[in-house]
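Visitor: Okay, structure incoming, though there's no sequence with it:
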């Protein structure tokens, strides 16, 4: 299986390479710009899989595909995009059935993405991207309307919960819950992955695979083990609320 990485930040490319090596996957080539990638694809056999950053030093990576499209040629490779874009912009990827990994790349997410690729490898088809739709989504993020309230069922009654009442979202035993500032839990019909897209990224942040928290709910931030951070919330005490090591850098940017 031939794999390449296209990433303008060389340390990030090397980190991804090491994570793939842990999965017994060797990366053949690492490229760092649109120009370099176009030159390489012109001269070499296309790989089975590309890990592709969206924003490269000399333009958007979509320009690589557009270049060959104008020549009536196609890049016959599967693509997993790696991106630091906020979740709302990635709605375009879901609409186009495009695989992506959100930076910093979580090793478990990487393993799942690779497994999905391997599962469909025998019937891999040439990719068809709606470039204009994707670029519009990435360049006009404020078109997104965020969720302002949630409806939960309590017995035979429905209760409306405003996002202003929410202290955190958490997952437990395959369920997703709202925890409110009045110290109550409510089961909701959603997932943290969906909530990441529905919530305003300026106010909510997914700190780990288990928690999404609002900025206003942070009571205290403590240094925790393994370069992580522990969050103290006003009423939630059922489990430690910890920022995963991979999320710490982005979390610090978010709170600033």
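Guide: Thanks, I have it. Values in this document were obtained by computation on a predicted structure and should not be read as measured data.

Visitor: quick one, helices of the protein?
Guide: Secondary structure of the chain by DSSP state H: the helices cover 10-22, 34-43, 62-70, 91-95, 107-119, 131-139, 192-198, 248-255.

Visitor: now those helices in JSON lines, with mean pLDDT, mean neighbour count and distance to residue 170?
Guide: For every residue, glycine as well, the C-beta is placed using N, CA and C. JSON lines is the format used below for the helices of the chain (pLDDT from 0 to 100; neighbours: other CB atoms under 10 Å; distance: least, CB to CB, whole Å):
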{"stretch": "helix 10-22", "mean pLDDT": "93", "mean neighbour count": "15", "distance to residue 170": "26"}
{"stretch": "helix 34-43", "mean pLDDT": "94", "mean neighbour count": "16", "distance to residue 170": "41"}
{"stretch": "helix 62-70", "mean pLDDT": "85", "mean neighbour count": "17", "distance to residue 170": "36"}
{"stretch": "helix 91-95", "mean pLDDT": "54", "mean neighbour count": "16", "distance to residue 170": "23"}
{"stretch": "helix 107-119", "mean pLDDT": "87", "mean neighbour count": "14", "distance to residue 170": "18"}
{"stretch": "helix 131-139", "mean pLDDT": "59", "mean neighbour count": "15", "distance to residue 170": "29"}
{"stretch": "helix 192-198", "mean pLDDT": "89", "mean neighbour count": "17", "distance to residue 170": "8"}
{"stretch": "helix 248-255", "mean pLDDT": "91", "mean neighbour count": "15", "distance to residue 170": "16"}
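
Visitor: can you redo these as TSV with distance to residue 238?
Guide: Output for those, formatted as TSV (distance: least, CB to CB, whole Å):
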stretch	distance to residue 238
helix 10-22	31
helix 34-43	48
helix 62-70	44
helix 91-95	31
helix 107-119	23
helix 131-139	36
helix 192-198	16
helix 248-255	21
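
Visitor: For residue 165, find the nearest of those helices.
Guide: Closest approach to residue 165 among those (CB to CB): helix 192-198, 15.1 Å.

Visitor: which regions of this structure lie under the pLDDT threshold?
Guide: For the chain, the stretches flagged by pLDDT under 70 are 85-98, 122-144.
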